[in-house]
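Student: Sequence plus the predicted model coming up.
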Amino acid sequence: MASRTTLARLSHFVSHSALPLARLGVDSLRGTIDDATIRLLGQDFEDRLRRVALPHAADGVDPFGLDREWAKYAVGVAAFFHRFYFRTEVFGIDRIPTGRVLLIANHSGQLPFDGMLIAASLFLDAEPPRVMRSMVEKWTQTLPFVATFFSRVGQVVGVPENARRLLDMGAAILVFPEGTRGISKGFSSRYQMLDFGLGFMRLALETDTPIVPIAVIGGEEQYISLGNLESVSKALGMPTFPIIPQLLIPGGQMPLPTRYRIYFGEPMTFHGDPDDDDAVIQEKVALVKGRIQSMLNRGLKERKSVFW
């Protein structure tokens, strides 16, 4: 209880004092940062920034806290990892329909680089460029700086009310139905998906939203996890505490430069009662999971190297 109170106080300080100071610093260096970003990523990056749609935004900030200026620099960082560090290959991104859509993907990698790279691909590789919104775990709202930063760059707490509002706005929403269990899998379980939650399917049925299955390859090898320390994670109020030996090596905090491959599948549409029994919803969810698993299997078979 005491630790949560401390986190809450620290989060309040970060939100009301530290972040405004940080923004002043960024504002003072904006010209230098912008020039460096364009030199690194090319004029196309600036052009896409001008063309990207941010509906229902007032003064550059949307109802969920997405700040165009914050997002601009976050996308710049994501673009660096996408193009140069992980050298991501993207397949089938033209299959994403216009308008509202649920992007359903496997989750891996201990840290959510997979979500960042999917977002980067929608901005850098889709035509026209799009801003993707991600549903994040409720516990992230207890983390100092992280909660405010997530909202400024487009992340939204994963509750149905938020998702419905975003879909009404025509958003592309990324959901990882495996949750934190998926991202924290041990290396021995790589590319073996865990059970999917049912919420995304109920939402798709309720809002008549198409689903695009996504298979992400490359994340499972970026941090080699030998397991989780459950007692430590419980004490810290975290969902997991992975055992990652490479973090003990100088420079090991950076993920290994694996080559990411992101496969976008054909849109899937479902019809039915969103309030059906779990067993009925589970049958539909199994179809999405099965599609993603087959895409993973095919991509792994075609992959020649983890790093190239």
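Tutor: Everything's here; your move. Numbers count the residues shown, from 1 in each chain.
Student: Can you classify Tyr73 by secondary structure?
Tutor: Secondary structure for Tyr73, judged by DSSP: H, G, I helix; E, B strand; the rest coil, is helix.
Student: neighbours of it, just the number please.
Tutor: Per other Cβ atoms under 10 Å, the neighbour tally for Tyr73 reads 17. For every residue, glycine as well, the C-beta is placed using N, CA and C.
Student: Please determine how far it is located from Ala126.
Tutor: According to Cβ to Cβ, to the nearest Å, Tyr73 and Ala126 sit 20 Å apart.
Student: what does Pro97 give?
Tutor: 11 Å.
Student: More neighbours: which of these two?
Tutor: For Pro97 versus Ala126, the count of surrounding residues by other Cβ under 10 Å is larger for Ala126: 18 against 13.
Student: pLDDT value on the more buried one, please?
Tutor: Ala126 carries a pLDDT value of 95.
Student: which SSE is it in?
Tutor: Using DSSP states H and E, Ala126 maps to neither a helix nor a strand.
Student: my read: Val232 touches Phe241, true?
Tutor: Yes: here Val232 reaches Phe241: they are 4.3 Å apart, a contact under Cβ atoms under 8 Å.
Student: residues near the closest residue to Val175 other than its chain neighbours, how many?
Tutor: In this structure, Val175 finds its nearest non-sequential neighbour in Phe200, 4.7 Å apart by Cβ to Cβ, 6 or more residues apart in numbering. By other Cβ under 10 Å, 25 other residues sit near Phe200.
Student: where does Ile249 fall, phi/psi-wise?
Tutor: phi -90, psi 140 (degrees, to the nearest 10).
Student: The one 10 residues further on too?
Tutor: Arg259 has phi and psi values of phi -100, psi 120 when expressed as degrees, to the nearest 10.
Student: Please, where are all the strands along this structure?
Tutor: Secondary structure of the chain (DSSP state E): strands located at 89-91, 101-105, 132-136, 155-157, 172-175, 211-217, 261-264.
Student: Make a markdown table out of these and add mean neighbour count, distance to Arg298 and mean pLDDT.
Tutor: Formatted as a markdown table, the strands of the chain follow (neighbours: other Cβ atoms under 10 Å; distance: least, Cβ to Cβ, whole Å; pLDDT from 0 to 100):
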| stretch | mean neighbour count | distance to Arg298 | mean pLDDT |
| --- | --- | --- | --- |
| strand 89-91 | 17 | 10 | 98 |
| strand 101-105 | 24 | 15 | 98 |
| strand 132-136 | 22 | 24 | 85 |
| strand 155-157 | 21 | 30 | 81 |
| strand 172-175 | 24 | 21 | 95 |
| strand 211-217 | 25 | 8 | 98 |
| strand 261-264 | 23 | 8 | 98 |
